[in-house]
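# coords below, sequence missing:
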């Protein structure tokens with residue numbers, strides 16, 4: 001391989017040498033109108049090897065011969081001209097100084113190189129070198145087309161939506177890869193001035209309003225959205241037009257990757273539901289916490305969950321001395337532990353199978369690893385499931401949180417961040433009220449501890465395990481119907497990276513006792529998400545896929561809130577993060593109620609649990625006190641048929 005590369009570089013240098021020699025000779029011919037006088041013929045032969053040698057040295061010193069000529073572009077052409085111009089200036093400097101320099105051979109002092117020849121040589125050398133490179137590129141592209149024709153490769157007819165600089169880069173990447181499996185038919189662009197023109201050899205066929213017509217006329221099966229700075233609304237509009245035209249839709253990577261020149265076919269991706277948030281994703285940044293994490297032990301509970309695993313990845317990238325992964329589910333722990341070791345070979349990741357409610361086991365973990373920072377992501381989160389198992393919600397979400405927080409204080413953890421949910425605000429579910437109870441305990445406990453305790457509250461997380469999006473995707477794959485509980489149900493949504501960045505940011509900003517809230521824009525109708533996903537699958541809602549309304553499940557409400565009425569949401573240094581402040585309750589009183597809840601959660605009759613939760617959180621709307629629901633809600637669980645009906 002190295003020998004072949006060396007031969008290629010020598011071949012390039014010889015081709016350039018021949019082109020430069022021809023250009024130098026042609027410059028003399030043009031200067032003297034085809035007949036070179038004898039004295040100047042001697043000058044030509046005298047300077048020819050030196051001029052060619054210097055040009056080759058300058059071109060080689062800038063690694064021109066390590067770059068492939070098959071993809072010569074304007075940047076390469078400009079670089080060639082700049083190097084030749086440098087050589088031209090060097091020749092002028094030599095002519096001006098040769099009489100002043102010592103030991104210059106007489107022929108070089110006497111021989112005069114005409115200025116006209118020098119300037120003509122610059123132009124002709126540039127044209128000759130560019131011609132060599134363009135010829136290599138043309139021959140390579142011809143060879144690729146013949147190779148494709150011989151193999152009979154089945155290429156997908158594809159449109160590029162957006163004829164700007166990003167679209168041109170994608171076109172170049174596709175045309176440079178005969179094995180891409182794509183056949184570019186042309187561009188679609190809403191700039192009417194481009195209609196009918198050719199951009200980088202591809203025609204502009206029309207605008208996005210004509211997508212269906214263009215797709216039928218050109219027999220197109222796929223579209224690539226190649227608009228670098230497209231807004232979420234624009235992507236959603238174009239994706240829906242593509243879906244209506246029956247086209248598979250892909251989108252280019254973010255703008256910063258395009259600016260850095262990292263566009264490649266492997267980075268084209270399907271349009272995802274994250275593109276349809278109906279707002280711009282929030283990038284919070286987490287540089288502030290690097291000093292808190294680097295070379296320090298960090299513990300994450302619920303490390304195998306959707307939020308916990310992403311938190312582990314973020315923390316691992318900040319260089320902790322060790323990362324302690326606490327997880328109850330063995331398979332989830334095995335998965336995240338292996339993924340971390342693969343992505344961060346130097347990381348010390350300690351997998352700990354543990355139940356956060358097991359005080360002795362958790363005490364042993366804290367004693368052995370002495371974490372400086374704790375992210376508490378472990379929780380039971382599914383609303384209907386907790387309605388049917390309220391005792392487990394109490395044991396895990398309330399008692400488990402108290403256990404971990406108490407141990408964090410006892411072992412002098414520097415910072416403790418608990419993850420909560422918008423369902424804790426004016427809760428109507430056991431899951432929501434259990435998280436609100438945990439919030440109250442953390443706020444009260446923070447008042448008398450050297451550990452900085454803080455809580456982070458956010459809405460639904462797109463793509464997390466058991467969330468609505470994976471369920472919708474599975475239902476679409478099965479041919480429908482998509483089940484939505486109510487046509488007016490709305491939720492706040494955020495992506496997993498947004499959620500984890502908020503948690504990280506809170507750890508850096510918190511001084512103790514705060515409740516951090518992310519501004520997530522306006523809530524989104526669940527039925528709108530369902531329709532968007534159906535269209536992105538190339539289908540039509542209520543025609544190809546039915547949307548069926550099933551009614552609210554136990555514990556659910558139509559609208560979620562991010563803060564209580566008495567919480568005074570204050571701005572922070574970040575424009576999208578707020579702090580909800582409320583007077584902390586008495587710790588002894590809360591501990592007493594939690595102790596009573598722990599006893600009730602172990603009993604056979606769960607009805608007293610609801611009353612005690614109501615006592616702890618007065619705003620809790622205890623819907624499950626209805627006799628028809630309580631009749632089947634026991635620690636033994638409902639019948640299988642009834643469970644399937646609500647889940």
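Ah, there it is. As the structure is a computational prediction, the values presented were derived from the model and not from experiment. Numbers count the residues shown, from 1 in each chain.

# just for the stretch 401-550 of the chain, where's the confidence low?
Within the stretch 401-550 of the chain, the stretches with pLDDT under 70 are 459-467, 469, 491-493, 519-523, 536-539.

# And the helices in it?
Ranges of helices within the stretch 401-550 of the chain are 430-446, 468-477, 496-509, 526-536, based on DSSP state H, counting those that start in this stretch.

# likewise the stretch 201-350 of the chain?
Using DSSP H, counting those that start in this stretch, helices in the stretch 201-350 of the chain cover 211-218, 232-244, 255-259, 290-293, 306-316, 330-343.

# Rounded mean pLDDT for the third one, please.
The one in question is helix 255-259. Mean per-residue pLDDT for helix 255-259: 42.

# Pull out the buried positions in the host helix or strand of residue 86.
For residue 86, the host element (DSSP states H and E) is helix 74-97. Neighbour-count burial for helix 74-97 flags 76, 80, 83-84, 87-88, 91, 94-95 (criterion: 16 or more other CB atoms under 10 Å). C-beta here means a position set from N, CA and C on the backbone, and glycine is covered the same way.

# out of the helices of the stretch 201-350 of the chain, deepest packed?
Most buried of the helices of the stretch 201-350 of the chain, by mean neighbour count (mean count of other CB atoms under 10 Å): helix 306-316, with a mean of 23.

# who wins for proximity to residue 490 among the helices of the stretch 401-550 of the chain?
Closest to residue 490 of the helices of the stretch 401-550 of the chain, according to CB to CB: helix 526-536, at 7.1 Å.

# Nearest spatial neighbour of residue 55, chain-adjacent residues omitted?
Distances taken as CB to CB, 6 or more residues apart in numbering place residue 87 nearest to residue 55, at 5.1 Å, with adjacent residues excluded.

# For burial, what's the neighbour tally of residue 429?
Residues near residue 429, counting by other CB atoms under 10 Å, number 28.

# and it, how far is that from residue 18?
Using CB to CB, to the nearest Å, one gets 80 Å for the distance from residue 429 to residue 18.

# now do residue 480
For residue 480 relative to residue 18 (CB to CB), the value is 68 Å.

# which of these two has more neighbours?
residue 480 (18 against 13).

# Please tell me how far the more buried one sits from residue 239.
Using CB to CB, we find residue 480 at a distance of 20 Å from residue 239.

# Residue 81: what's it in contact with?
residue 126 (CB atoms under 8 Å, 6 or more residues apart in numbering).

# how near is it to residue 598?
For residue 81, the distance to residue 598 (CB to CB) stands at 79 Å.

# what do you get for residue 83?
Distance, residue 83 to residue 598, by CB to CB: 78 Å.

# neighbours around residue 317, how many?
Counted with other CB under 10 Å, residue 317 comes out at 14.

# Let me fix that, I meant to ask about residue 411.
Using other CB under 10 Å, residue 411 has 16 neighbouring residues.

# so how far is residue 324 from it?
From residue 411 across to residue 324, the span is 12 Å (CB to CB).

# Can you pull the residues that touch both of these two?
Common neighbours of residue 411 and residue 324, counting by CB under 8 Å, 6+ apart, are residue 371.

# just to revisit the earlier point, next, report how far the helix holding residue 86 is displaced from the centre of its chain.
When distances are taken as CA atoms, centre = their mean, to the nearest Å, helix 74-97 is centred 43 Å away from the chain's centroid.

# ditto for stretch 384-401
Mean-position distance between stretch 384-401 and its chain equals 33 Å (CA atoms, centre = their mean).

# Repeat that for stretch 198-212.
How far stretch 198-212 lies from its chain's middle: 29 Å, per CA atoms, centre = their mean.

# ranges for the strands of the stretch 351-500 of the chain?
373-376, 415-421, 452-458, 460-462, 482-484, 490-491, 493-495 (DSSP state E, counting those that start in this stretch).

# Give me the sheet partners of the first one and which way each runs.
Spelled out, that is strand 373-376. Sheet pairing for strand 373-376, assigned by DSSP bridges, gives strand 297-301 (parallel), strand 415-421 (parallel).
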